[in-house]
Each structure stands twice: as C-alpha cells, then as structure tokens.
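*Asks:* for reference, the sequence and a predicted model appear below.
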Amino acid sequence: MNKYIIHIKFFLLIFLVIFLYGFASQRSATKKTSDINVIFSNGENLFISYETVNKLLIQSLGGAKNQSKENINLNDVEMFMQNSQMIENAEIFQTLNGELGALISQRTPILRVANGLESYYYDDQGLKMPLSNNFSARVPITTSEIKKENCVDIICLAKKIKNDDFLRKQIIGIQQVEGKNPKQFELKTREGEQIIIFGDLKRMESKIKNLKIFYKKVMLDGSLNNYKTINLKFNNQVVCTKK
C-alpha cells in the first residue's frame, strides 16, 4: 500500500511541476513590455541618441511598446534597427520582468566628405553614414568629389589613418589629386600645416614608415615649420620643399 502511495505522490509532484511551468510560461508570454533599456557597446560619443533608438524600437513594435512578449519577434526588431544608417549592429533581448533591451553598436566614421555638393561620413566598412546632430567625429576631411568607382582607395587610406595612432593625430585632410588619376592623394597635416604628397597606395607601408622617420628627425631639431611640402612618392626617400 505504501508503495502505491509513493507512486501516486510522485506522479502528483510531476503533474504539479508541469502545471506550474505551463502557468509561468503562459504568464510570461502574455506579460507586456514595460521599459526599454538601451546599451551602447562602443563608447559614449553618441552619433545616435538614446531617444532616437527608443523611437526606432517603438516604431519596430508598431508604434506601441506595451505589447505582450509572445507578439514580439526579436529577429524582426533587430533587422529593423540595423536598417538605420547610424547602427552597425543591434542585439535585441527581453528580460524576465518584461523589459526590452537593445545592445547597440554604432557605425565608426573614418572620413568626412564635405565638397559643397553633399556632406556625409564614410564608415570603416566603406558605407555612407549621415552626419549627426549629437556628435562630430574627429576624422580627416576631404573636399574631393568621391565617385563610386574610385572610392575604394580613399577609404582604404582613411582606414589606415584611423587605425594608426601617429597618423590619426597628425592628418586632418585627404585630397584626391585632380586630373586623370583620382588614385593620387595629398594629405594635410595638423602640426606644421604641410601638404604631404602621398601619391597612390603602392608601397603604402614603406611611405608611412619613411614619414614617421622624417617626423622623428624634424621634431628633434625643431625644423618642421620650415617645410611646405613633404613628398613620399620617391622610393626610400622623403623629398621636401621649404617655405
């Protein structure tokens, strides 16, 4: 008899666990989202504001954030968010207490185009990115008219400058040389205001190495301001003209 009682208690316990799990799942599914928690994963220099992200999230939910969890498709929300030209990646999640969370990665600008016709950034993926009312990126500026068929090289050069500590501090402008070959570049410097005649991207690493050696020398003897142009187009040498 005791054996049957034990079995009955065991099955009752299993039934109770299944019932409670189902009840909790149903309650969780019908629970409505109450708050939206936005987290930026790459710094505090916000090109897109918390308020704008909140508005985008609400738009992705059909205009109302108070929706039951079972009606929210997180993948659809993520795809909607990533259509923003300011957002590189969005991870959307829900907490047990009904909060909707968004982990946002902003796009990283590497070059600003301001040529009188239009003004925008290029990001490190080579995609156009609009200017922001919240923050201005400290990146090189070009006034050249960038055409789709010849934008690869200038983006490559801008990315190299962004990722090099010395170049990032010193280079404030990139210009395509006017003429038949748009792949020839000149750089404008911050300190000394020289024009660096860079040429094309062939031997780019060697040119940058020579430039750093040159700067190390002129910084030591204090002669940087004596020069007007710094020409890196010649192999294994730096040719300068004086002011």
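*Replies:* Received it, and whenever you're ready, just let me know what you need. Numbers count the residues shown, from 1 in each chain.
*Asks:* which element is the closest residue in space to F185 that isn't next to it in sequence on?
*Replies:* Spatial nearest neighbour of F185, excluding adjacent residues (C-beta to C-beta, 6 or more residues apart in numbering): F198 at 4.6 Å. Heads up, the C-betas are built off the backbone N, CA and C, glycines and all. Under the criterion of DSSP states H and E, F198 resides in strand 195-199.
*Asks:* what does that strand contact?
*Replies:* If you take C-beta atoms under 8 Å, 6 or more residues apart in numbering as the criterion, strand 195-199 is touched by 157, 171, 184-189, 207, 211, 228-233.
*Asks:* most widely separated two among those?
*Replies:* Across the contacts of strand 195-199, no pair lies farther apart than L157 and K228, at 21.6 Å, counting by C-beta to C-beta.
*Asks:* which one's more surrounded, those two?
*Replies:* L157 (25 against 13; other C-beta atoms under 10 Å).
*Asks:* helix, strand or coil for the more buried one?
*Replies:* helix (DSSP: H, G, I helix; E, B strand; the rest coil).
*Asks:* quick check: domain ranges of the protein?
*Replies:* 36-106, 109-242 (automatic domain parsing).
*Asks:* in CSV: the ones you listed, plus mean pLDDT.
*Replies:* Output for the domains of the chain, formatted as CSV (pLDDT from 0 to 100):
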stretch, mean pLDDT
domain 36-106, 78
domain 109-242, 91
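*Asks:* ok, the nearest residue to V238 once chain neighbours are set aside to N181 distance?
*Replies:* Leaving aside its chain neighbours, V238 sits nearest to F214 (4.6 Å; criterion: C-beta to C-beta, 6+ apart). Distance from F214 to N181, counting by C-beta to C-beta, to the nearest Å: 25 Å.
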